[in-house]
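Trainee: the following block contains a protein sequence and its predicted model.
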Amino acid sequence: MDVSSVLDGLNEAQREVVAAPPGNILVLAGAGSGKTRVLVHRIAWYLDTEQAAPYGILAVTFTNKAAAEMRGRIETLLKRPAGGMWVGTFHGLAHRILRLHCQEAGLPNNFQILDSDDQLRTLRRVIRDMNLDEDQYSPKEAQWFVKSQKEEGLRPQHIDFHSDPFMEQMVSIYRNYQQNCERAGLVDFAELLLRTHELFRDQDVLLRHYQQRFRHILVDEFQDTNALQYAWLRLLAGRDNNLFAVGDDDQSIYSFRGARMENIQHFQQDFPETSLYRLEQNYRSTTNILNAANALIANNTTRLGKNLWTEGRPGEKLELYAAYSEHDEARFVVERISVAKLNNVNYQDNAILYRIGATSRVLEEALMQAQVPYRVFGGVRFYERTEIKDAMAYLRLAVFRDDDASFERIVNTPSRGIGQRSLEEIRGRARQENISLWRASCTLVTDKLLPTRSRSALERFLGLIEQMAQSIGGKGLDQAMDIIIGASSLVEHYRKEKGERGLTRVENLEELVSAAGQFEVDEEVQGDMEPMEAFLSQAALEAGETQADAYSDAVNLMTLHTAKGTEFDRVYLVGMEEGLFPHQRRVHDLAQLEEERRLCYVGFTRARKKLTLSYSRHRRMYRNDFYPKPSRFLEEIPPELIDDIRLGGAVSRDFFNKAEADADTPFGPGQRVVHDRFGEGTVLNLEGRGSHARVQVNFEEAGAKWLVLAYANLQPV
């Protein structure tokens with residue numbers, strides 16, 4: 001049989017994998033090595049060599065888009081339809097099985113799927129029906145709890161709450177929620193997988209039917225599987241089927257979503273007679289970029305091991321830029337992108353990557369100022385983020401009581417017991433008397449036109465806004481924003497969203513305080529507006545800016561977690577600082593630190609031609625000034641692979657050691673000083689000794705300058 005069409009165009013390692021004998025196979029596929037290509041060709045190999053019929057193949061991936069692309073590529077390769085083959089996501093395939101066997105699964109024929117928003121509303125109703133305080137038992141926290149327990153395969157009766165009253169109540173919420181879903185015939189996303197796993201576990205005849213049908217099971221992105229998905233696959237594969245798993249332990253970065261890297265590490269133990277293959281030839285990046293990525297990831301101890309290489313050119317060295325501040329860093333990146341554009345490099349060929357979403361604010365401002373179009377890939381602009389709009393709505397209402405949009409947004413955020421019936425009363429009174437919602441609320445409270453409980457809740461909200469207005473009077477913008485965020489309890493509200501998402505929201509709120517502190521009125525644009533009014537107007541305008549669409553020529557901004565699966569000619573990885581990347585929360589645990597390093601490895605391997613790294617010697621974040629050390633990840637890159645692109649750039653690696661060596665100078669990094677001409681500033685760097693000593697100071701008005709200490713007459717502040 002001629003199978004040349006299946007093997008043509010593959011390299012030697014890929015051919016070996018595609019044509020491997022049947023059995024359990026684990027493919028460690030490095031970044032840019034063609035892992036999906038290998039999986040698609042493996043399926044085509046099964047079909048073309050008649051080792052399997054389409055009916056006997058089950059292929060699993062993580063997104064509907066990837067599943068559709070996989071099916072399309074298979075049919076293109078075979079030049080014929082592949083009907084009967086099951087290709088889909090874990091949730092999609094589980095849903096298909098439950099529809100076919102709803103009776104055995106204990107579900108009604110017309111069961112409905114709850115999306116995330118519907119699930120949250122259902123949990124909120126359950127919590128209210130249990131007469132629990134939503135501030136203590138947040139619906140969002142309950143949603144996270146239910147999802148995480150189901151992904152571990154746990155029903156309420158299986159959870160040991162260790163005599164913890166809070167945990168006991170959360171288990172009760174889970175139990176009541178599940179009973180509510182059972183009565184209504186509702187199934188959430190995690191339930192799809194859990195119910196299917198239980199179906200396979202408890203129905204031997206049904207399990208054997210699917211085991212006999214799907215003799216060939218193929219899984220993409222295996223390193224991203226969670227505990228329940230892994231258990232699901234183990235049941236379906238059984239002892240006799242062929243499981244073909246493609247993944248990369250070096251790109252396992254989603255533990256906060258429940259992904260377990262140990263699944264790929266335990267594969268050879270859990271599936272007998274596994275054959276292990278490695279795909280190490282990279283078709284994306286230059287040799288220098290790959291060598292840097294290999295050197296970095298080699299510092300991780302818990303990996304199966306591989307080494308990326310390419311037959312392509314060495315390429316340019318990595319660039320390293322040591323910025324004075326986050327604004328200097330943003331200006332540098334935007335200038336490089338603008339210059340490249342003049343040399344016919346499209347904006348869309350550039351990506352700016354960062355560890356946390358809050359970092360994007362300063363970058364967005366620099367791009368807008370330079371009139372460079374951009375899109376926030378997989379996310380939204382800073383001032384369009386939910387938590388930012390909530391905080392700004394509080395500020396607007398404290399300043400402008402008749403702002404109905406702000407009133408509607410925050411009257412019950414966080415939840416304060418003001419129900420829909422009360423809101424309808426407020427809206428009705430406002431329409432009837434042609435007044436604002438605020439004034440209507442005041443009337444309803446004063447005239448006691450609401451039930452006592454509702455009236456008390458509304459009165460507390462009105463009092464909160466009045467108190468905010470009084471507290472921010474005469475304060476600076478950053479102080480006012482800090483007061484607003486603190487009094488609103490938004491931080492506590494969003495902290496209840498467990499996992500990375502909740503922490504990101506809190507970081508964004510803290511960054512908003514920094515944004516307020518750094519805001520300056522542009523007289524040409526905002527005239528003689530008061531700073532508060534100008535700040536509110538600017539935020540509204542930036543939130544209203546239309547983001548570049550997916551097909552326009554625009555710079556791509558994204559977090560490193562979002563960047564996985566993408567590639568760009570030029571990548572700028574910013575914020576390479578201790579505490580920021582690796583993140584402060586993750587440096588004290590080896591497993592989490594190694595995941596941070598894998599995240600950095602993912603960032604490096606997004607770049608095709610050019611990789612630029614940067615860090616800032618001073619960064620204003622979380623309402624404080626930081627003078628961070630360069631990221632430890634920079635030290636793990638061989639020096640010969642890096643070009644420091646600032647004169648005296650060697651300082652970028654030895655900055656703090658150098659400062660300590662110059663101990664006979666009267667100043668140190670981070671110290672505040674004042675100059676007769678340039679005003680106040682912060683010491684960034686020191687050079688030399690005695691009368692030849694120089695100091696680098698970042699002045700608030702004049703920017704960064706080198707001064708000879710003997711003549712500068714600097715004074716400590």
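Mentor: Good, I have the coordinates.

Trainee: give me the below-cutoff pLDDT ranges for the stretch 451-600 of the chain.
Mentor: 521-528, 541-547, 549-550 (pLDDT under 70).

Trainee: swap the cut-off to 90 and go again
Mentor: Applying pLDDT under 90 to the stretch 451-600 of the chain flags the ranges 451, 453-454, 473-478, 492-504, 507, 510-511, 513-552, 565, 584-585, 587-589.

Trainee: again with the stretch 151-300 of the chain
Mentor: In the stretch 151-300 of the chain, residues with pLDDT under 90: 160-164, 180, 183-186, 239-240, 256-258, 272.

Trainee: show me where it has its helices.
Mentor: 165-184, 189-202, 204-213, 227-237, 262-265, 267-270, 287-297 (DSSP state H, counting those that start in this stretch).

Trainee: can you lay out these as a markdown table showing mean neighbour count?
Mentor: Every residue, glycine included, has its C-beta placed from N, CA and C. Formatted as a markdown table, those follow (neighbours: other Cβ atoms under 10 Å):
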| stretch | mean neighbour count |
| --- | --- |
| helix 165-184 | 16 |
| helix 189-202 | 20 |
| helix 204-213 | 14 |
| helix 227-237 | 20 |
| helix 262-265 | 19 |
| helix 267-270 | 14 |
| helix 287-297 | 23 |
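
Trainee: Thr413: which of the ones you listed is closest?
Mentor: helix 165-184 (20.7 Å; Cβ to Cβ).

Trainee: about what we covered before: with distance to Glu466 added, can I get the helices of the stretch 151-300 of the chain in CSV?
Mentor: Listed next are those as CSV, based on distance: least, Cβ to Cβ, whole Å:
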stretch, distance to Glu466
helix 165-184, 33
helix 189-202, 43
helix 204-213, 63
helix 227-237, 49
helix 262-265, 54
helix 267-270, 61
helix 287-297, 54
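
Trainee: Tyr394: which of those helices is closest?
Mentor: Here helix 165-184 is closest among these (Cβ to Cβ), at 28.3 Å.

Trainee: looking at the helices of the stretch 151-300 of the chain, which is closest to Arg460?
Mentor: helix 165-184 (24.6 Å).

Trainee: summarise which helices and strands that closest one is packed against.
Mentor: Applying 3 or more Cβ pairs under 8 Å, 6 or more residues apart in numbering; DSSP states H and E, one finds that helix 165-184 makes contact with helix 116-129, helix 139-151, strand 186-188.

Trainee: 7 Å instead, please
Mentor: Judged by 3 or more Cβ pairs under 7 Å, 6 or more residues apart in numbering; DSSP states H and E, helix 165-184 is in contact with helix 116-129, helix 139-151.

Trainee: mean neighbour count, these: which tops it?
Mentor: Sort the helices and strands packed on helix 165-184 by mean neighbour count, taking mean count of other Cβ atoms under 10 Å, and helix 139-151 sits at the top with a mean of 20.

Trainee: what does that one contact?
Mentor: The contact list for helix 139-151 (Cβ atoms under 7 Å, 6 or more residues apart in numbering) reads 119-120, 123-124, 127, 159, 170, 173-174, 177, 190-191, 194, 226-228, 258, 496-499.

Trainee: any idea how far stretch 395-410 is from the middle of the chain?
Mentor: Here stretch 395-410 shows a centroid-to-chain-centroid distance of 30 Å under the convention Cα atoms, centre = their mean, to the nearest Å.

Trainee: same question for stretch 593-610.
Mentor: For stretch 593-610 - counting by Cα atoms, centre = their mean - the centre lies 14 Å from the chain centre.

Trainee: list the buried residues in it.
Mentor: 593-610 (16 or more other Cβ atoms under 10 Å).

Trainee: next step: these restricted to helices.
Mentor: If you go by DSSP state H, the buried residues of stretch 593-610 have 593-604 in helices.

Trainee: just the closest of the residues you listed to Tyr347, please.
Mentor: So of those, ranked by how close each gets to Tyr347 (Cβ to Cβ), first place is Gly603, at 19.5 Å.

Trainee: let me see the ranges of the helices in the stretch 301-450 of the chain.
Mentor: Under DSSP H, counting those that start in this stretch, the stretch 301-450 of the chain gives helices at 326-342, 360-369, 386-399, 404-410, 420-433, 437-446.

Trainee: equivalent analysis for the stretch 1-150 of the chain, please.
Mentor: Under DSSP H, counting those that start in this stretch, the stretch 1-150 of the chain gives helices at 4-7, 12-18, 35-48, 64-78, 90-100, 116-129, 139-151.

Trainee: so which of those comes closest to Phe699?
Mentor: Nearest to Phe699, of these and by Cβ to Cβ, is helix 139-151 at 44.5 Å.

Trainee: give me the angle between that closest one and helix 227-237.
Mentor: 30 degrees (axes from the mean of the first three to the mean of the last three Cα atoms, to 10 degrees).

Trainee: can I get the ones in helices among the buried residues of stretch 593-610 in JSON lines with distance to Ala710?
Mentor: As requested, those are arranged in JSON lines below (distance: Cβ to Cβ, whole Å):
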{"residue": "Leu593", "distance to Ala710": "44"}
{"residue": "Glu594", "distance to Ala710": "48"}
{"residue": "Glu595", "distance to Ala710": "49"}
{"residue": "Glu596", "distance to Ala710": "44"}
{"residue": "Arg597", "distance to Ala710": "44"}
{"residue": "Arg598", "distance to Ala710": "49"}
{"residue": "Leu599", "distance to Ala710": "46"}
{"residue": "Cys600", "distance to Ala710": "42"}
{"residue": "Tyr601", "distance to Ala710": "47"}
{"residue": "Val602", "distance to Ala710": "48"}
{"residue": "Gly603", "distance to Ala710": "44"}
{"residue": "Phe604", "distance to Ala710": "44"}
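
Trainee: make CSV from the helices and strands packed on helix 165-184 and add distance to Glu387 to it.
Mentor: Formatted as CSV, these follow (distance: least, Cβ to Cβ, whole Å):
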stretch, distance to Glu387
helix 116-129, 16
helix 139-151, 12
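
Trainee: select from the ones you listed the stretch with the lowest mean pLDDT.
Mentor: Ranked on mean pLDDT, the bottom entry among these is helix 116-129, at a mean of 88.

Trainee: which residues touch it?
Mentor: For helix 116-129, using Cβ under 7 Å, 6+ apart, the contacting residues are 114, 134, 137, 139-140, 142-143, 173, 176-177, 180, 188.

Trainee: so how far is that helix from its chain's centroid?
Mentor: The answer for helix 116-129 is 25 Å, by Cα atoms, centre = their mean.

Trainee: distance of Thr286 from His158?
Mentor: Look at Thr286 and His158: by Cβ to Cβ, to the nearest Å, they are 51 Å apart.

Trainee: settle it for me: which of the two has more neighbours?
Mentor: The residue with more neighbours, out of Thr286 and His158, is Thr286; 22 against 10, by other Cβ atoms under 10 Å.
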